[in-house]
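Asks: sequence? don't have it. structure:
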Ligand SMILES: Nc1ncnc2c1ncn2[C@@H]1O[C@H](COP(=O)(O)OP(=O)(O)OP(=O)(O)O)[C@@H](O)[C@H]1O
């Protein structure tokens, strides 16, 4: 099988303005993505954002109302499912219980009429790739969930498909197994130069595994970017709120550096939150909780952006500690700090949250965003479907 550095350049799959409606509501709304050969792309979004519908359209289980799917310039929409040269892995494994591991993995090759030593060699290679080289004769019912998912993966890659589609492949597994398989699937896709489209609502999984992430919201593509860009340079408040934990303020930046309607947050220096950088007056300003510091009222560094409130909760989460601060108007903000640091605040204590102005990220408001019509600031935590 080909190593990663032999990946072909160019688009493996060019998704152009794909739209699918159920009744009047678009489940997928004019989504365009150019997926490169050898790339691992994740469709990420809350429940109902259109991920599975788009994946099913690529697989050929559903047809789009509009748009095209081009592979090497050829329209895929008119190609029947079994001729699309696509491997699939589902959350529920979908293995044949009456066949053993080897027979399950060999199935796609049998369908293509491949037999004899070549077929055996390919099956052995695929089982090797998923670290199950000695499991060929095992019955499916004798395997753990993680092992079944590896068999499903081996079956999906054994015919070396042009494209591997995965629909929440790790959704049924426990956290430890999921973490281990995430790394293994990433390794395998790199080693084999696979082009993968993966669906998940788990942002950590998306950030860990993907070369690029397509963030969907109500059928629309919000941003298609590397994990780093999505995290550090969200295009709007929807992306900022969905990916990672964030403190998010929406409003208009005043000349004095405060944000209209934002609980008296003072951005310092104000030039760093110049809304003109992202268009008209109304903006979203985000700061990640890990970049926020907490101190007694009145003792924040002058050069820092800051807001006052009182500590309303302290939550331990393994290595880190989340301190929840509620402002005078009831907005909850988060500071996340290393749990090894001595705790120098207590619940109910008045405090100032502050952060280096360079940690503020200014983005535009998404069309239809709550903040586009109401200026109330808001804190969003990790959103999970
Ligand atoms: N066969 C169908 N008939 C009618 N509506 C549908 C159908 N399939 C999907 N939808 C609707 O289309 C929208 C997108 O659904 P889809 O399953 O693609 O979302 P998703 O992002 O994959 O969600 P989840 O993470 O919950 O699986 C939803 O509002 C859903 O109710």
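Replies: Looks like it came in fine. Everything numeric here is computed off the predicted structure, so don't read it as measured data.
Asks: which bits of the stretch 201-350 of the chain sit near the ligand?
Replies: Within the stretch 201-350 of the chain, the positions near the ligand by C-beta under 6 Å from any ligand atom are residue 201. (Glycine included, C-beta is placed from N, CA and C.)
Asks: where do the strands sit along the stretch 201-350 of the chain?
Replies: Using DSSP state E, counting those that start in this stretch, the strands of the stretch 201-350 of the chain run over 212-217, 220-225, 246-252, 282-287, 293-296, 305-317, 320-326, 332-338, 350-355.
Asks: and these as JSON lines, adding mean pLDDT?
Replies: Formatted as JSON lines, the strands of the stretch 201-350 of the chain follow (pLDDT from 0 to 100):
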{"stretch": "strand 212-217", "mean pLDDT": "97"}
{"stretch": "strand 220-225", "mean pLDDT": "96"}
{"stretch": "strand 246-252", "mean pLDDT": "85"}
{"stretch": "strand 282-287", "mean pLDDT": "84"}
{"stretch": "strand 293-296", "mean pLDDT": "93"}
{"stretch": "strand 305-317", "mean pLDDT": "92"}
{"stretch": "strand 320-326", "mean pLDDT": "95"}
{"stretch": "strand 332-338", "mean pLDDT": "94"}
{"stretch": "strand 350-355", "mean pLDDT": "95"}
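Asks: surely residue 236 meets residue 284?
Replies: Yes. Shown here, residue 236 and residue 284 form a contact pair, counting by C-beta atoms under 8 Å, at 7.0 Å.
Asks: could you check which of the two has the larger neighbour count?
Replies: Ranked by neighbour count (other C-beta atoms under 10 Å), residue 236 and residue 284 place residue 284 first, with 30 against 20.
Asks: who does that one bridge with?
Replies: Beta-bridge pairing for residue 284 (DSSP bridges): residue 250, residue 363.
Asks: likewise for the one 10 residues further on?
Replies: Under the criterion DSSP bridges, residue 294 forms beta bridges with residue 353.
Asks: neighbours around it, how many?
Replies: When counting by other C-beta under 10 Å, one arrives at 19 neighbours for residue 294.
Asks: which ones are touching it?
Replies: By C-beta atoms under 8 Å, 6 or more residues apart in numbering, the residues touching residue 294 are 311, 323, 325, 335, 337, 345, 351, 352, 353, 354.
Asks: return the member of the residues you listed nearest to residue 31.
Replies: Closest approach to residue 31 among those (C-beta to C-beta): residue 335, at 36.5 Å.
Asks: check contacts around the residue lying closest to the closest one once chain neighbours are set aside.
Replies: In space, and not counting its chain neighbours, residue 335 is closest to residue 292: 4.2 Å by C-beta to C-beta, 6 or more residues apart in numbering. Residues near residue 292 by C-beta under 8 Å, 6+ apart: 247, 333, 334, 335, 336, 353, 354, 355, 359.
Asks: make it 6 Å
Replies: 335, 353, 355 (C-beta atoms under 6 Å, 6 or more residues apart in numbering).
Asks: in JSON lines, list the strands of the stretch 201-350 of the chain along with distance to residue 67.
Replies: Output for the strands of the stretch 201-350 of the chain, formatted as JSON lines (distance: least, C-beta to C-beta, whole Å):
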{"stretch": "strand 212-217", "distance to residue 67": "15"}
{"stretch": "strand 220-225", "distance to residue 67": "12"}
{"stretch": "strand 246-252", "distance to residue 67": "32"}
{"stretch": "strand 282-287", "distance to residue 67": "30"}
{"stretch": "strand 293-296", "distance to residue 67": "47"}
{"stretch": "strand 305-317", "distance to residue 67": "42"}
{"stretch": "strand 320-326", "distance to residue 67": "42"}
{"stretch": "strand 332-338", "distance to residue 67": "40"}
{"stretch": "strand 350-355", "distance to residue 67": "42"}
